[in-house]
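Visitor: With the input below, show me the fold.
(one chain, ligands or ions: 2)
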Amino acid sequence: MLGAAASLLNIKVVILDAGEHAPAKQVLSPLSTKYAHFDGLFSDPAKIKELAQKVDVLTVEIEHVDADALAEAGCEVHPRPSTIKLIQDKFAQKQHLKTRGCPVSDFITVESTVESIHNAATTLGLPLMLKSRTLAYDGRGNFVVRDVSQVPEALAMLGNRPLYAEKWVPFTHEIAVMVVRSTSGQVKAYPVVETVHKENICHLVFAPLRSRDATLSRRAQIVAEAAVKTFEGAGVFGVEMFLMDDGGLYINEIAPRPHNSGHYTIEACETSQYENHLRAILSLPLGSTALKVPSCAMLNIIGLSSSMAEIKALTDVALTVSGASVHLYGKAECRKGRKMGHITIVAESDAQLRSRLRILLDALPSSPV
Ligand code: ADP
Ligand code: MG
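Guide: Ligands and ions are numbered 1, 2, ... in the order given. Reported below is the predicted structural model:
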C-alpha cells in the first residue's frame with residue numbers, strides 16, 4: 001500500500017523483504033537494476049546496510065527490525081532508529097509515555113518466575129495482563145491472568161521472553177488515532193476511529209467515532225498528538241487507546257508506522273496514511289487528514305485455514321457491494337488468524353454503511369458482531 005502511494009508521486013522505492021514474491025515487490029516492479037528489490041530479513045544488519053546504500057531515505061513498515069543496524073545505516077532513517085528501538089520494547093515505551101505525562105494505566109516490570117507474578121498480582125490486582133516486552137503482535141505475546149493458579153500456564157506460554165505486567169483496564173471501547181509527524185515535528189491527527197477486536201485481532205474499524213460526548217474526538221486527538229510529539233523522526237504513527245466509562249482515556253500502545261486502524265484512510269480521507277507517511281519522511285507538505293465521506297468501515301480479511309476458498313467467497317460478495325473496495329495483500333500462504341487483506345466500505349450515512357456492512361458480515365463463516 002505504501003508502494004502504490006509512492007508510484008503515484010514518482011517516488012522510487014526499493015524493498016528489502018524475504019522472498020522474491022513479497023507483497024510489496026508484486027506491486028512495484030523495479031525499473032532498473034539501480035532500484036532492484038532484494039531478498040533478506042529486515043532483522044539482518046548486513047542487508048539493512050545494503051539497503052541504506054541504495055536509498056536517500058529509509059523507512060519501515062514493521063517495528064520488529066534491527067534498530068541498532070538502522071542507527072548505523074548511514075542514510076536518513078524515519079522514524080528515528082531511537083524511536084523504533086524505544087517502541088519495540090513495550091515496557092520502555094510505556095515508561096517513556098508515563099514520564100512525559102501521557103495517560104497510561106499502571107504497569108510494572110516482572111521476572112519470569114511464579115513468585116514475581118504473584119507479587120505483581122498483589123500490587124496491580126486481578127485480572128492482570130501479562131505482556132511480552134518485545135516481538136508482540138495481534139495478541140500473540142499477551143496472557144490474561146484471571147487467577148494466580150494460571151501463572152504456571154502463563155509462564156509456559158510466555159516465559160522465555162522478557163515480560164512486564166499491566167493493570168487490567170475495564171474499557172468500554174477501543175479507539176485509535178493515526179497521527180502524521182513531519183521532519184520539523186509538526187503533528188496532524190486523522191479522525192478518531194473505533195476498533196473492534198475479536199480474539200485479540202482487529203476485526204472492524206468504524207470512522208468517524210460516534211459518541212454522545214461532543215468533546216471526546218478532539219480530546220483523543222490531543223492525547224494522540226501530544227504522545228507522537230514525544231518521539232523523534234517523521235512518518236505516521238498509530239495510537240491505540242482505551243476509552244473508559246467516565247470518558248477517560250488511556251494510551252494502550254503506539255505503532256511507529258502505517259497501522260491497520262488507518263487503512264480506511266485510503267478510500268475515506270483526503271490523503272491516505274501511506275501518502276502522508278511518504279510526504280512526511282520526504283519533507284513534502286503534509287496532506288489534509290479530513291474525511292471525505294460521511295461514514296466508513298474497514299473489515300479485516302482474516303485467514304480461517306490454509307485454504308483461500310472462504311476468502312474468495314467473501315471477496316466475491318464484496319465486489320457486488322456499492323462503496324466496498326477489496327484489498328488483497330498477495331501473501332504466499334493463508335493461515336488461521338493471518339491478515340490476508342481488508343475491505344473498506346464507504347457510505348453516505350451510518351444507516352447505509354450498516355446495511356452494506358451487513359451483507360459482508362453475513363458472508364463471513366462466523367460473524368464477529
Ligand atoms: P498487540 O501488540 O498484540 O496489539 P496489545 O497490547 O495492543 O497487543 O493488546 C492486544 C489487545 O489486548 C488490546 O487491543 C486490548 O483488547 C487487550 N488489552 C491489552 N492490554 C490490556 C489491558 N491492560 N487491560 C485490558 N485489556 C488489554
Ligand atoms: Mg495493539
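
Visitor: all contacts plus neighbour counts: C-alpha atoms, from now on.
Guide: Will do.

Visitor: in stretch 77-85, what counts as buried?
Guide: Within stretch 77-85, the residues that count as buried by 16 or more other Cα atoms under 10 Å are Val77, His78, Pro79, Arg80, Pro81, Ser82, Thr83, Ile84, Lys85.

Visitor: Next up, the contacts around Val145.
Guide: Leu126, Pro127, Leu128, Met129, Leu130, Val151, Ala154 (Cα atoms under 8 Å, 6 or more residues apart in numbering).

Visitor: How about the closest residue to ligand 1 within the stretch 101-250 of the chain: what's its closest non-neighbour residue?
Guide: In the stretch 101-250 of the chain, the residue that lies nearest ligand 1 is Gly139 (3.2 Å; Cα to the nearest ligand atom). Spatial nearest neighbour of Gly139, chain neighbours left out: Asn200 (4.8 Å); criterion: Cα to Cα, 6 or more residues apart in numbering.

Visitor: Quick check, pLDDT for that neighbour.
Guide: Listed pLDDT for Asn200 reads 85.

Visitor: Over to Tyr137?
Guide: 84.

Visitor: who's it bridged to?
Guide: Beta-bridge partners for Tyr137, by DSSP bridges, are Arg140.

Visitor: Let me know how buried it is, in neighbour terms.
Guide: 12 (other Cα atoms under 10 Å).

Visitor: What is the helix or strand that Leu360 is a member of packed up against?
Guide: For Leu360, the host element (DSSP states H and E) is helix 350-363. Judged by 3 or more Cα pairs under 8 Å, 6 or more residues apart in numbering; DSSP states H and E, helix 350-363 is in contact with strand 295-302, helix 309-318, strand 339-347.

Visitor: Which SSE is immediately downstream of the longest one?
Guide: Which is helix 309-318. Trace forward from helix 309-318 with DSSP H and E and the next one is strand 324-328.

Visitor: Most tightly packed of the helices and strands packed on helix 350-363?
Guide: Highest mean neighbour count of the helices and strands packed on helix 350-363: strand 295-302, a mean of 24 (counted as mean count of other Cα atoms under 10 Å).

Visitor: Now do the same contact list for the residue of the stretch 101-250 of the chain closest to ligand 1.
Guide: So Gly139 contacts Glu199, Asn200, Ile201 (Cα under 8 Å, 6+ apart).

Visitor: Let's see that with 10 Å instead.
Guide: Lys131, Ser132, Glu199, Asn200, Ile201, Cys202 (Cα atoms under 10 Å, 6 or more residues apart in numbering).

Visitor: now these in TSV, with secondary structure, neighbour count and distance to ligand 1?
Guide: Output for the contacts of Gly139, formatted as TSV (DSSP: H, G, I helix; E, B strand; the rest coil; neighbours: other Cα atoms under 10 Å; distance: Cα to the nearest ligand atom, whole Å):
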residue	secondary structure	neighbour count	distance to ligand 1
Lys131	strand	25	7
Ser132	strand	24	9
Glu199	coil	10	9
Asn200	coil	13	5
Ile201	strand	18	7
Cys202	strand	19	7
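
Visitor: now the stretch 151-300 of the chain, which segments are flagged as low pLDDT?
Guide: Flagging of the stretch 151-300 of the chain using pLDDT under 70 yields an empty set of residue ranges.

Visitor: Flag every residue of it that's near ligand 1.
Guide: Counting by Cα under 6 Å from any ligand atom, the stretch 151-300 of the chain comes close to ligand 1 at Glu166, Lys167, Trp168, Val169, Asn200.

Visitor: Isn't the first one up against Gln95?
Guide: No: contact between Glu166 and Gln95 fails when scored by Cα atoms under 10 Å: they sit 11.9 Å apart.
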